[in-house]
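Engineer: predicted model and sequence below, questions to follow.
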Amino acid sequence: QVRLVESGGGSAQSGGSLRLSCAASGSGFSVYHWGWFRQPAPGLQREFVAALRQTIADYDDSVEGRFTISRDISKNMVYLQMDNLKAEDTAVYYCAAGYSLSISQIASAYSYSYWGQGTQVTVSS
């Protein structure tokens, strides 16, 4: 079991940066695979943003080169550094944890077992 709590959301101008943090409590932090998803509006599906499987990072094409996912095992933290933000990045962002995900599974929200409550990111142009 793991509990996830996101923080770091807020407002930014287009071209600006934000860093989201995900604090994980519980055991087994180092064995999980991690993902960030976003939901642009209520009722819409959660979209894949980035995933980290041990040291392998994968990104959706829409954020490739602008966002960076990382983790700090010593602090049980997962991060999403978001640079060169665009208005279309506006969404609620969720941190997620899963087990032994393959490359074909990382982009599906159904592959993840644990989720945080989400943090709002608003980018104005």
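Structural biologist: Noted; the coordinates are in hand. Numbers count the residues shown, from 1 in each chain.

Engineer: residues contacting the residue nearest the centre of the chain?
Structural biologist: The C-alpha lying nearest the average C-alpha coordinate of the chain belongs to residue 36 (Cα atoms, centre = their mean; 2.0 Å). Applying Cβ atoms under 8 Å, 6 or more residues apart in numbering to residue 36 gives the contacts 20, 22, 49-51, 67, 69, 78, 80, 93-96. In short, each C-beta sits where N, CA and C put it, glycine included.

Engineer: what helix or strand does it sit in?
Structural biologist: In this structure, residue 36 is located in strand 32-39 according to DSSP states H and E.

Engineer: burial count for the nearest residue to residue 2 once chain neighbours are set aside?
Structural biologist: Nearest-residue entry for residue 2: residue 26, 3.8 Å, with adjacent residues in sequence omitted and distances by Cβ to Cβ, 6 or more residues apart in numbering. Applying other Cβ atoms under 10 Å, we find 13 other residues in the vicinity of residue 26.

Engineer: what score does residue 26 have for pLDDT?
Structural biologist: Here the pLDDT value assigned to residue 26 is 88.

Engineer: same question for stretch 113-120, mean pLDDT?
Structural biologist: For stretch 113-120, the per-residue pLDDT averages 97.

Engineer: which parts of it are buried?
Structural biologist: Residues 114, 115, 116, 118, 119 are the ones in stretch 113-120 that count as buried (16 or more other Cβ atoms under 10 Å).
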